[in-house]
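Trainee: Structure for this input, please:
(2 chains)
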Amino acid sequence: MIMLIPYMQRASKLLIPHKFISSIRLYNSFASQLSPTFHAFSNVDSVVSALITAISTCSSISYCRALHCRVIKSVNYNHGFIGDQLVSSYVELGCTKDALELFDELPDKDLVSWNSLISGFSRRADLGICLGLLFKMRFEMGLKPNEVTVIPVVSACAGVGELDVGKCIHGIALKSGMLLEVKVVNSLINLYGKCGCLEAACCLFEGMSVQSLVSWNSMVAVHVHMGLAEKGIGYFIMMRRAGINSDQATVVSLLLACENLGVRKLAEAVHGYILNGGLDGNLAIATALLDLYAKLGILSDSCKVFGEMINPDAVAWTAMLSSYAMHGRGREAIEHFELMIREGVLPDHVTFTHLLCACSHSGLVEEGKNYFKIMHKVYGVELRVEHYSCMVDLLGRSGHLNDAYKLIKSMPIEPNCGVWGALIGACRVRGNIELGKEVAERLFSLDPSDSRNYITLSNMYSAAGQWRDASKVRALMKQRVLIRNPGCSYIEHGNKIHCFVMGDQSHPDTERIYNKLEELVRKNREVGFASKTEYVLQDVDEEVKEDLINKHSEKLAIAFGLLVTNAGMPLIITKNIRICGDCHGFAKLISLIEKRPIIIRDTKRFHHFTNGLCSCGDYW
DNA sequence: TTAGGGTTAG
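Mentor: This next block holds a predicted model:
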């Protein structure tokens, strides 16, 4: 038996989010009559139904335990499947131990009880427990799984990318004739799609006698998730031609496709579609839209979408927080987080990932350290490996490399590539070759196929003038058949994405672009800007270095943008790697000289250049 | 059964 009394006593002292107050009131109106004289109460079913409603909507562990206590005192576990509901809520709230203990205690467990437990662990993407339960149910209890059992297990496989296990479940479903059930096939489409087997997903889809809206949605979603946005949109068009009306899941996938393609015009078109269909009040759609605008560089539109939301939930608050973080607005991110807490919305592990990241990107070391310290103590959010990555980044980037290293050594969980990656990044910024070399060795053994590790180490050697060591690392890369993708910059103009690589001469307007660039370089020199040739990581003469750096892809994109857009219009440029220090300084001055806001997005975040300054405060 | 927020390194 789980000890519930202390939790009951504590529950009354804890803050319960306001959105659950209505269900608590509903429960309380009955609970006031739940006493030792309960048997005199005439409508037991009403009490059970009120308890079930309260249990199913409860988001606080302590409150759930208090309700559990009331169940023990008042009704039978089997009454109206109240025991199953308690188990589900415990799983949902992350109390997996309590859920499994209670499940063991439940008398007369049937297929529904097992299915609801498996489904709960599937939502937590805990495939191990799902499989254990499936095995126990089948071979110890002799219960035959049905469609409702199989679907969440397949979904859990998709969630963690376990294709082989998923294939076994596919086999079981096939043998049991479950493939006639549309929902089972849909879950399999999702599994194969998410695991990168698009051919298998398409084959299942085409083999269906009738495709449901979810089948179409799955096809759109899996293609978009695999980075094949155009194909995803193609399925959307086919779906419309087949006379199927889209729903919110379709629209969310379309918004993700826009993000994938990075085309603002398309995003605006989908936004129009959302407004026409009256879908703007949908929280999932509004959140995806907010996130999309932020990723396209238009933070003001993200703020607008968030401001228009009615009762934003934790995901929406977190999306806005991540937008601030992405745009280097650390202080605003913190204010937003504090407001979220005051509004009674509970932060989760993703919220803290972004909050720590916001602190890291803005150099708010003390604030970040404090949130890291209290996130579990005050908010009950468990520390995950990604939180450690953010902290290592925060400490390392701000120059506390030893503290970052000590933190890794003290981790209660195994540090992964992300954690070591954050440290090597900090070593590069701080020019600590000794530690960088050690970290690189760890990364090489953890993932020998990730070319970034080799490139970072080689660049560290080059920046220190250790050309021989740099070339040795490059040779190792060659030996392991790893290639380096060239850095490129993109800019949208006239319904087209224009892409530039360093020294690019393939654009039809090349001559004009180079003339403009020459003019910009000259203007920069006139105001005293000296090229930072230390960012050229090749062993060549100073003059050649200057020539190379002046042809960097972001400079070409800036020159092109200035040529084709009207005065005063902001330039929005996307880079596939981080902007170099020289281009950063160049963009700052151009924003001042040409009176143009310039926004440059690298793989994850934005630099806003205005009037000679950058939003990152030169801290990146 | 599908869909919204995910950090860190070129």
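
Trainee: Assign residue A:599 to helix, strand or coil.
Mentor: Following DSSP: H, G, I helix; E, B strand; the rest coil, the label given to residue A:599 is strand.

Trainee: So it is in contact with residue A:575, correct?
Mentor: No - using Cβ atoms under 8 Å, residue A:599 makes no contact with residue A:575, being 11.2 Å away. Where C-beta positions appear, they are placed from N, C-alpha and C, glycine not excepted.

Trainee: any bit of the helix or strand where residue A:51 lies sitting next to DNA strand B?
Mentor: Taking DSSP states H and E as the definition, residue A:51 sits inside helix A:44-57. No - using Cβ under 7 Å from any atom of the strand, helix A:44-57 never reaches DNA strand B; the gap is at least 14.7 Å.

Trainee: what about stretch A:388-401 and DNA strand B, any contact?
Mentor: Yes - using Cβ under 7 Å from any atom of the strand, we find that stretch A:388-401 touches DNA strand B at A:389, A:390, A:393, A:397.

Trainee: Quick check, pLDDT for the closest residue to DNA strand B within chain A.
Mentor: Closest contact between chain A and DNA strand B, by Cβ to the nearest atom of the strand, is at residue A:425 (2.2 Å). With respect to pLDDT, residue A:425 has a value of 92.

Trainee: how close does it sit to residue A:266?
Mentor: Counting by Cβ to Cβ, to the nearest Å, the gap from residue A:425 to residue A:266 is 33 Å.

Trainee: Now, the residues of stretch A:388-401 next to DNA strand B that are in helices?
Mentor: A:389, A:390, A:393, A:397 (DSSP state H).

Trainee: Name the nearest residue to the third one, ignoring sequence neighbours.
Mentor: This means residue A:393. Excluding its sequence neighbours, the residue lying closest to residue A:393 (Cβ to Cβ, 6 or more residues apart in numbering) is residue A:422, at 4.1 Å.

Trainee: show me the residues around the one you found that make contact.
Mentor: A:389, A:390, A:392, A:393, A:396, A:404 (Cβ atoms under 8 Å, 6 or more residues apart in numbering).

Trainee: give me that answer again for 7 Å
Mentor: The contact partners of residue A:422, taken as Cβ atoms under 7 Å, 6 or more residues apart in numbering, are A:389, A:392, A:393, A:396.

Trainee: Could you tell me the phi and psi values at it?
Mentor: Backbone torsions of residue A:422, given as degrees, to the nearest 10, read phi -60, psi -40.

Trainee: Low-confidence stretches in the stretch 51-200 of chain A?
Mentor: The model of the stretch 51-200 of chain A has pLDDT under 70 over residues A:59, A:78-80.

Trainee: Tell me where it has strands.
Mentor: Assigned by DSSP state E, counting those that start in this stretch, the stretch 51-200 of chain A shows no strands.

Trainee: cool, and the stretch 501-620 of chain A?
Mentor: A:571-575, A:598-601, A:606-610, A:613-614.

Trainee: Export those strands as a markdown table, with columns for distance to DNA strand B and mean pLDDT.
Mentor: Converted to a markdown table, those look like this (distance: least, Cβ to the nearest atom of the strand, whole Å; pLDDT from 0 to 100):
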| stretch | distance to DNA strand B | mean pLDDT |
| --- | --- | --- |
| strand A:571-575 | 10 | 92 |
| strand A:598-601 | 12 | 93 |
| strand A:606-610 | 11 | 93 |
| strand A:613-614 | 16 | 92 |
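
Trainee: Kindly reformat those strands as TSV containing mean neighbour count.
Mentor: Listed next are those as TSV, based on neighbours: other Cβ atoms under 10 Å:
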stretch	mean neighbour count
strand A:571-575	24
strand A:598-601	23
strand A:606-610	22
strand A:613-614	18
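
Trainee: Which one of those strands lies nearest to residue A:130?
Mentor: Residue A:130 sits nearest to strand A:598-601 of all the strands of the stretch 501-620 of chain A, at 38.5 Å, using Cβ to Cβ.

Trainee: ok, residues contacting the closest one?
Mentor: Contacts for strand A:598-601 (Cβ under 7 Å, 6+ apart): A:297, A:554, A:558, A:570-575, A:579, A:587, A:590-591, A:606-609.

Trainee: least trustworthy helix or strand in chain A by mean pLDDT?
Mentor: helix A:5-11 (a mean of 30; mean pLDDT, DSSP states H and E).

Trainee: quick one, domains of chain A?
Mentor: Here the domain parsing of chain A from automatic domain parsing is A:211-310, A:403-479, A:488-614.

Trainee: Same list, these, but as a markdown table with distance to residue A:346 please.
Mentor: Listed next are the domains of chain A as a markdown table, based on distance: least, Cβ to Cβ, whole Å:
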| stretch | distance to residue A:346 |
| --- | --- |
| domain A:211-310 | 16 |
| domain A:403-479 | 23 |
| domain A:488-614 | 26 |
